[in-house]
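Student: Sharing a model prediction with you, sequence too.
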Amino acid sequence: MGFPDFFKQQLTIARVYGIPVRIDYRWFAVVGLSIWLIESNLQSHAIQVGNVRLPPHAQLTAWLLGVITTVGLFLSVFGHELSHALMARAEGIEIEEIVLHPFGGLARLKTEPQNPRAEFRIAVAGPAASFLFALLAFVGAKIAALGNYEATVVVFFLIFAGNVLLALFNLFPGYPLDGGRVLRAILWRRSGDIVDATRKAGICGVLIGGMLILFGVYILIAPNWRPTQPYFMGAWSILVGLFLLDTAARVVKSSHEVGLATVADAMSPPVAIEPGLTVTRLVDDFLPLHRQTTFPVAVKGRLHGILSLEDLKSLPRERWTTTRVQAVMRPVQPSFFVEPSTTLDSAQQLMKANGVGSIAIVNAQGQLIGFLQSGRIRRRPKARSSAK
Ligand SMILES: [Zn+2]
């Protein structure tokens, strides 16, 4: 293990509602940095919050307040991610883990949301939690101000400001930020095309990452604008911008690949057989032309079931002339069909589990429009939306 790998190694620090919470070693550096930044500011400047004025603190108090505030801020980040995770669970999605990384956190889901509504709810849950924490911290600061607990006012105020920033920053409409997921959900709902929606929201993420980098460079070199800690703020903005740019660029790139491809990109036109067809006719007329091991069974475009040649093996040959497809097919059930906008990934999961190794594609009007067999998936290049 090399030096950089050591810092990327993950530790499980807790399990909350059965969800493992992981950090890597870089996270400790960020915690240290946060404590130091708060501590050095409290020591060197008088702080004015509303009508409460704090004189510069003694070293020990400043350190203590730095630690308490940092713990509060990281619990806020964790609460934000937990809120995403619990909403995902409410939408029936299993949660892999919550990772706290140097630029915030990530609730990693085992599967992608199946529809725009679920995506929207999961995305909004995080910023909603942050706004709630901000409100609580604000009320806390007000109460502490009434009792003249000046140091407590400052801690609550910093936690309030941190949560407002976290919520607002995450609402920027660039994937993979929460606002970008909201944008993706809206585009997805409108067009029904998750791949296209992901690519557009990802491009917005790339643009926002680029803007953060430019903003950071501007802070570093601007002659007449000096916020407190200009070098730190500038460097931080550049780092976060690079992180976002890199992640979003990868999302845009992979939106062309299998994970986000839909069944509509890969399905073949269905070779459907009628339930009244005899097994003899199937074997004599259909099999020589269509070398498939499973067939959708349909009447006038309505799916009745799926016939698997495996199921014919137990049927004695002398009964082929009298047995009809409907007697040997597997009657339709929910795992036998999907909508055209379903991702190829989840269709493949269904095919593995449904016992026939294939799946029918049925449109919103209930018409059979395509068929997929596992092991025979070949993606066609996707028509670009600009060419439509
Ligand atoms: Zn979030």
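Tutor: All right, it came through fine. On a predicted model such as this, the values are computed, not experimentally measured, just so you know.
Student: Now do the helices in this protein.
Tutor: Applying DSSP state H to the chain gives helices spanning 3-8, 26-44, 59-90, 116-146, 150-170, 178-191, 194-221, 230-254, 263-266, 279-281, 325-328, 344-353.
Student: Just the C-alphas of stretch 146-157, formatted as CSV.
Tutor: Provided in CSV are the C-alpha atoms of stretch 146-157 (Å, rounded to 0.1, in the frame of the first residue of the first chain):
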residue,chain,number,x,y,z
LEU,A,146,-31.1,35.9,26.2
GLY,A,147,-29.0,34.3,28.9
ASN,A,148,-25.9,36.2,27.8
TYR,A,149,-24.0,32.9,27.2
GLU,A,150,-21.8,34.7,24.6
ALA,A,151,-19.5,31.7,23.7
THR,A,152,-22.6,29.5,23.2
VAL,A,153,-24.1,32.2,20.9
VAL,A,154,-21.0,32.0,18.7
VAL,A,155,-21.0,28.2,18.5
PHE,A,156,-24.7,28.1,17.6
PHE,A,157,-24.1,30.9,15.1
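Student: Which positions within it qualify as buried?
Tutor: Buried residues in stretch 146-157, counting neighbours by 16 or more other C-beta atoms under 10 Å, are found at 150-157. Every residue, glycine included, has its C-beta placed from N, CA and C.
Student: Get me the contact residues on the protein for the ion.
Tutor: 126, 170, 178 (C-beta under 5 Å from the ion).
Student: burial of the last one, as a residue count?
Tutor: By the measure other C-beta atoms under 10 Å, the count of residues near residue 178 is 25.
Student: which of the residues of the chain next to the ion lies closest to the ion?
Tutor: Nearest to the ion among the residues of the chain next to the ion: residue 126, at 3.0 Å, using C-beta to the ion.
Student: per-residue pLDDT, the closest one?
Tutor: As predicted, residue 126 sits at a pLDDT of 94.
Student: Look up how far residue 15 lies from it.
Tutor: The gap separating residue 126 from residue 15 is 20 Å, by C-beta to C-beta, to the nearest Å.
Student: quick one, which of these two is more surrounded?
Tutor: Between residue 126 and residue 15, counting by other C-beta under 10 Å, residue 126 is the more crowded of the two (28 against 11).
Student: what's that one in contact with, if anything?
Tutor: 80-81, 83-84, 107, 170, 178 (C-beta atoms under 8 Å, 6 or more residues apart in numbering).
Student: Please tell me I have it right and residue 199 contacts residue 255.
Tutor: Yes: Residue 199 is in contact with residue 255 according to C-beta atoms under 8 Å; the separation is 4.4 Å.
Student: Let me see the ranges of the strands in the stretch 251-388 of the chain.
Tutor: 294-299, 302-308, 330-331, 337-338, 358-362, 368-373 (DSSP state E, counting those that start in this stretch).
Student: Relative to residue 111, which of these is closest?
Tutor: For residue 111, the closest of the strands of the stretch 251-388 of the chain is strand 337-338, at 13.7 Å, according to C-beta to C-beta.
Student: what's the closest one packed up against?
Tutor: helix 344-353, strand 358-362 (3 or more C-beta pairs under 8 Å, 6 or more residues apart in numbering; DSSP states H and E).
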